[in-house]
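**Student:** Quick one, what's the 3D model for this:
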Amino acid sequence: QVQLVESGGGLVQAGGSLRLSCAASGRTFRNYAMAWFRQAPGKEREFVVGISWSGRSTYYADSVKGRFTISRDSAKNTVYLQMNSLKSEDTAVYYCAAGQVIQAGAAGYDYWGQGTQVTVSS
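**Tutor:** A predicted model of the protein is given here:
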């Protein structure tokens with residue numbers, strides 16, 4: 001079992017920044033690829049970004065390329081999502097997920113956090 005706890009969400013103005021954290025506990029964190037998904041009201045959960053277990057590979061959704069950055073700190077069992085130049089369309093609940101490999105489909109992940117709300121005001 002892996003337990004994931006997100007934090008860092010909140011209300012920010014368009015153009016601002018937030019950093020989300022996902023703290024992992026339980027089974028070996030470093031063995032898992034990690035990803036961030038988001039879900040806006042009335043919409044399906046969508047892939048935002050993923051990072052390999054080594055941290056050497058990352059994959060970003062086109063909608064966030066150049067604005068969001070994912071990183072992981074295996075010593076702290078934590079993955080981060082730095083979000084810059086935020087837009088109103090980034091408003092959603094953001095979820096952290098752990099799986100065997102990075103993939104865009106939510107069904108491919110084994111563990112999920114409870115989510116953290118990000119609201120961007122225009």
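**Student:** for this protein, which residue is closest to the average position?
**Tutor:** Most central in the chain under C-alpha atoms, centre = their mean is Trp36, positioned 2.4 Å from the mean C-alpha point.
**Student:** Could you point out the helix or strand that follows the host helix or strand of that one?
**Tutor:** In this structure, Trp36 sits in strand 33-39 according to DSSP states H and E. Downstream of strand 33-39, the first helix or strand assigned by DSSP H and E is strand 46-51.
**Student:** for that following strand, packing partners?
**Tutor:** strand 33-39, strand 58-60, strand 68-73, strand 78-83 (3 or more C-beta pairs under 8 Å, 6 or more residues apart in numbering; DSSP states H and E). In short, each C-beta sits where N, CA and C put it, glycine included.
**Student:** need those strands in JSON lines with mean pLDDT and distance to Arg45, can you?
**Tutor:** Shown next, in JSON lines, are the helices and strands packed on strand 46-51 (pLDDT from 0 to 100; distance: least, C-beta to C-beta, whole Å):
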{"stretch": "strand 33-39", "mean pLDDT": "97", "distance to Arg45": "4"}
{"stretch": "strand 58-60", "mean pLDDT": "97", "distance to Arg45": "16"}
{"stretch": "strand 68-73", "mean pLDDT": "97", "distance to Arg45": "16"}
{"stretch": "strand 78-83", "mean pLDDT": "97", "distance to Arg45": "15"}
